[in-house]
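*Asks:* how would this look folded up:
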Amino acid sequence: MKVLLVEDEHKIANSIKQGLSQENIIVDLAYEGTTGYDLASSESYDLIILDRLLPGMDGLSICKKLREMNNHTPVLILTAKSQIMDKVEGLNNGADDYLTKPFAFEELLARIKALARRPRNSVSDILNVGNLSLNSTSFEVKRANKQIDLSSKEFAILEFLMRHEGKILTKDQIISHVWNYDADILPNTVEVFIGYLRNKIDKPFSSSKPLIHTVRGFGYRLGDK
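*Replies:* You can find the predicted model right below:
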């Protein structure tokens with residue numbers, strides 16, 4: 001899962017990012033609204049977490065503009081405002097959920113997982129392609145009922161491929177979804193990680209069809225056909 005966090009209180013922002021990273025969630029971080037809006041409107045995220053009061057552009061304005069652009073990425077608003085009308089205003093501007101400060105990290109994580117489970121392009125905790133299964137909550141991967149151990153980046157790439165079963169994904173798309181937007185990643189890095197995945201997902205299962213396919217000149221596709 002890849003999340004955008006827009007929060008101007010650096011201590012809170014860095015603490016949330018550290019906690020989510022420990023849950024294998026990739027986090028892009030912006031400390032002010034304009035940068036947050038630019039990232040939200042140009043990058044692909046599974047969830048956007050917005051502080052309500054931000055320098056540059058406030059969280060509700062960001063949410064409203066995204067909805068006007070037909071960007072339906074789930075949005076969770078963080079705010080110190082706890083009045084009912086404040087929450088109603090946030091939801092009326094397109095937010096999917098609303099969490100007031102101060103909050104426990106465990107509650108934030110639970111709300112993130114709940115939003116991720118909502119139907120949006122068939123989002124599910126458990127993905128299956130052929131005899132390969134991936135559980136995005138427990139981080140378990142199995143093929144033919146055999147456990148497969150993956151690094152966090154291998155897991156993130158495989159999950160991205162499985163959520164787009166049968167579709168060709170370019171190296172740039174994979175980089176954009178799996179690494180932070182400011183990471184200096186070369187395209188051949190994707191080739192290296194695809195090689196790692198093949199060594200774990202395909203090569204040990206010679207009696208099954210290969211699942212990871214290279215489409216020369218375009219990118220990669222995962223599927224059993």
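
*Asks:* Quick check: mean pLDDT of the lengthiest helix in the chain?
*Replies:* Determined from DSSP state H, the single longest helix within the chain is helix 187-201. For helix 187-201, mean pLDDT is 94.

*Asks:* Go ahead and confirm Phe105 touches Gln22.
*Replies:* No: applying CB atoms under 8 Å, one finds Phe105 not in contact with Gln22, separated by 10.1 Å. All C-beta atoms are positioned from the backbone trio N, CA, C, and that covers glycine.

*Asks:* Mind listing what's buried along stretch 97-109?
*Replies:* Asp97, Tyr98, Leu99, Leu108, Leu109 (16 or more other CB atoms under 10 Å).

*Asks:* Now for those: which two are most distant?
*Replies:* Tyr98 and Leu109 (15.9 Å; CB to CB).

*Asks:* which residues sit against stretch 218-225?
*Replies:* Residues external to stretch 218-225 that are found in contact with it (CB atoms under 8 Å, 6 or more residues apart in numbering): 129-130, 158, 161-162, 164-171, 173-174, 190, 194, 209, 211-215.

*Asks:* Now, of those, which are buried?
*Replies:* 129-130, 158, 161-162, 164-165, 169, 171, 173-174, 190, 194, 211-213.

*Asks:* right, and Leu50 touches Leu76 too?
*Replies:* Yes: at 7.2 Å, Leu50 counts as touching Leu76 under the criterion of CB under 8 Å.

*Asks:* before we move on, the earlier item: looking only at the longest helix of the chain, what residues are buried by neighbour count?
*Replies:* Judged by neighbour count using 16+ other CB under 10 Å, the buried positions of helix 187-201 are Thr189, Val190, Phe193, Ile194, Leu197, Lys200, Ile201.

*Asks:* And the fifth one, how far from Arg221?
*Replies:* Between Leu197 and Arg221 the distance is 13 Å, computed by CB to CB, to the nearest Å.

*Asks:* Touching both of these two, which residues are there?
*Replies:* Counting by CB under 8 Å, 6+ apart, the residues touching both Leu197 and Arg221 are Ile212.

*Asks:* and the helix or strand bottoming out on mean pLDDT in the chain, what does it pack onto?
*Replies:* When each helix and strand of the chain is scored by mean pLDDT, DSSP states H and E, helix 84-92 comes last, with a mean of 77. Counting by 3 or more CB pairs under 8 Å, 6 or more residues apart in numbering; DSSP states H and E, the packing neighbours recorded for helix 84-92 are helix 59-68, strand 75-79, strand 97-100.

*Asks:* Deepest in the core, which of the ones you listed is it.
*Replies:* Looking across the helices and strands packed on helix 84-92 with neighbours counted as mean count of other CB atoms under 10 Å, the highest average goes to strand 75-79: a mean of 24.

*Asks:* how far does that one sit from the chain's center?
*Replies:* Computed by CA atoms, centre = their mean, to the nearest Å, the chain-centroid distance of strand 75-79 equals 16 Å.
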